[in-house]
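[1] The following comprises the amino acid sequence and a computationally predicted model.
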Amino acid sequence: MIIISLLLLVSLLPHLTFTAHVKVGIVNGTEAKPHSRPYMVSIQKNGQHICGGFLISDEFVLTAAHCRNKSEIFTVVVGAHNRRNMKEGAVRIEVKTYYRHLDFSENPFRNDLMLLRGDSGGPLVCGDIAVGVTSFFYEELCNSPQYPNVYTKISAFLPWINNIIGNDN
């Protein structure tokens with residue numbers, strides 16, 4: 001697994017080396033069409049965006065475990081295209097239950113996943129399939145070949161996710 005990761009990193013280095021160093025949210029891309037990513041959510045504390053997440057069912061959101069400290073209370077905003085202007089169809093849902101992976105650790109980052117259950121619901125997406133959850137990145141070095149973004153591979157945790165979702169219904 002480590003060899004595959006290193007080969008992938010080495011193959012991407014030429015592409016990463018020649019990219020611009022910019023401080024924007026979207027790098028070398030375009031803004032998504034409004035409401036074209038209905039699975040994306042904003043996880044918020046006191047109305048302020050903390051982390052991204054995405055719907056994996058009508059009741060559960062998958063996000064990174066490092067997003068929550070101790071007993072913080074979150075809300076999830078679904079259906080917003082622009083976090084600064086949430087008038088068009090955005091719904092705020094209070095999180096009832098938090099399921100941080102039992103083996104989560106911050107140093108080093110491992111098992112960085114958490115499921116949130118709402119009253120009624122930052123992925124790495126390939127095509128239309130979520131394959132990773134943002135674990136950590138250096139915002140000031142966005143798109144840097146020296147400090148690439150790191151994602152937790154979702155497929156490795158499908159048994160844990162299915163166990164939580166299956167046992168909680």
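    Perfect, thanks for sending it.
[2] in the chain, which strand has the most residues?
    Scanning the chain for the strand with the most residues, using DSSP state E, yields strand 91-100.
[3] by contact count, what packs against that one?
    In terms of contacts (3 or more CB pairs under 8 Å, 6 or more residues apart in numbering; DSSP states H and E), strand 91-100 is packed against strand 75-78, strand 114-118, helix 158-168. (Glycine included, C-beta is placed from N, CA and C.)
[4] which of the ones you listed sits most buried?
    Highest mean neighbour count among these (mean count of other CB atoms under 10 Å): strand 114-118, with a mean of 23.
[5] count of neighbours near Arg84?
    6 (other CB atoms under 10 Å).
[6] where does it land on pLDDT?
    pLDDT, Arg84: 70.
[7] Against Lys45, how distant is it?
    Using CB to CB, to the nearest Å, we find Arg84 at a distance of 17 Å from Lys45.
[8] repeat for Asp103
    Counting by CB to CB - Asp103 and Lys45 are separated by 24 Å.
[9] Which one of the two is surrounded by more residues?
    Neighbour totals were compared for Asp103 and Lys45, and Lys45 leads with 15 against 10 (other CB under 10 Å).
[10] in terms of contact, does that one touch Val77 like I think?
    No: here Lys45 lies out of contact with Val77, judged by CB atoms under 8 Å, at a distance of 11.6 Å.
[11] residues of stretch 55-65 that come out buried?
    Leu55, Ile56, Glu59, Phe60, Val61, Leu62, Thr63, Ala64, Ala65 (16 or more other CB atoms under 10 Å).
[12] Show me what the fifth one bridges to in the sheet.
    For Val61, the residues forming beta bridges with it (DSSP bridges) are Leu55, Leu116.
[13] Run through the strands of the chain in chain order.
    Using DSSP E, the strands of the chain run over 40-45, 48-55, 60-63, 75-78, 91-100, 105-106, 109-110, 114-118, 123-126, 129-136, 150-153.
[14] averaging pLDDT over each of the ones you listed, which comes out lowest?
    Among those, strand 123-126 carries the lowest mean pLDDT, a mean of 50.
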